[in-house]
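Trainee: Predicted model and sequence below, questions to follow.
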Amino acid sequence: MAAATEEEFTDAELEVATILCGLKKTLRARDRRRAQRLLAAPELPSWGRRRPRSMPEEKPAAPAPVLLPASGVAERDGAASPDTPLAYPESGGDDAPMEEEEDAKKPTSHDQWVQEQHGVVASLSQENAHLLTQIEEYRARLQSSRSTNESLKQLHKLVGVTVSSFSHLLEYTLSAYHEWEALYGPPSI
C-alpha cells in the first residue's frame, strides 16, 4: 500500500525540498555574516556613506584692483588717503621701527629661557639635596628607635624573669613560714 501512495517527485519539487531543508542553515549563515559586518564597521550606517571630499583645484588669484584716491580728496587734505592708515609710524603700522625690538627679543628671550632653566635645575638640585638629608635623618631616627626598642625588649625580659623569680621566692618563703608556724607555732617577737 505504501508503494501505491508513493508518488514520484519531479525535479523541480526535489529542488524546492532541498532548498527548504537548507533554509535554516542559510538563514543562520546570513545572520552570522551580518553580525560580523556590524562588528567590523559599526560606524558606517547600513544605507551607505558619503563620498570623501576632494580638494578643489587652486586657481591663480587675480591681482587685486588698485584703487586710486580721488584727486580732490588728496589735494584738499594735503596728506595720503585715509585708506592707508598704516603709512603713519605713530599708529604702529608696517612702517614702524619694529626690527629693533624683534632683534633685541630673540637673543635675550633664548638667553633668558636658558637662565630660567639653569635656575630651575639649581632649585631642584637644592631641593633634592635637602630631601636626601631628611631621608638620612629619618633613617638615623629609625635605627635609633629600633635599637631602643631592642634594649627595652631585653629589659622587659629581664624584669619579667626577675619578677617571676621574686614571686617564686616569695611563695617558697611563705610556704616555709606556714610550715614552720604549723610545727612550732607563731613566732614570738
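Mentor: Nice, thanks for sending it over.

Trainee: Low-confidence ranges, the protein, go.
Mentor: Scanning the chain with the threshold set as pLDDT under 70 gives 1-6, 38, 40-52, 56, 58-107, 189.

Trainee: repeat that with 50
Mentor: In the predicted model, the chain carries pLDDT under 50 at residues 1-4, 73-74.

Trainee: Which parts of it are helices?
Mentor: 2-5, 11-21, 23-40, 71-77, 99-184 (DSSP state H).

Trainee: do you know which of those helices lies nearest E57?
Mentor: Evaluated over those, closeness to E57 peaks at helix 23-40, with 35.2 Å, by CB to CB. For every residue, glycine as well, the C-beta is placed using N, CA and C.

Trainee: Could you tell me the angle between that closest one and helix 11-21?
Mentor: Helix 23-40 and helix 11-21 are oriented at 50 degrees to each other (axes from the mean of the first three to the mean of the last three CA atoms, to 10 degrees).

Trainee: What count of nearby residues applies to C21?
Mentor: Number of residues near C21 (other CB atoms under 10 Å) recorded here: 9.

Trainee: Roughly how far does it sit from L27?
Mentor: C21 sits at a distance of 12 Å from L27 (criterion: CB to CB, to the nearest Å).

Trainee: try T108
Mentor: Distance, T108 to L27, using CB to CB: 77 Å.

Trainee: same question, H168
Mentor: H168 sits 94 Å away from L27, going by CB to CB.

Trainee: try N128
Mentor: Computed with CB to CB, the distance linking N128 and L27 is 71 Å.

Trainee: Now distance to E57 too, for the helices of the chain, in JSON lines please.
Mentor: Below are the helices of the chain laid out as JSON lines (distance: least, CB to CB, whole Å):
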{"stretch": "helix 2-5", "distance to E57": "79"}
{"stretch": "helix 11-21", "distance to E57": "55"}
{"stretch": "helix 23-40", "distance to E57": "35"}
{"stretch": "helix 71-77", "distance to E57": "41"}
{"stretch": "helix 99-184", "distance to E57": "37"}
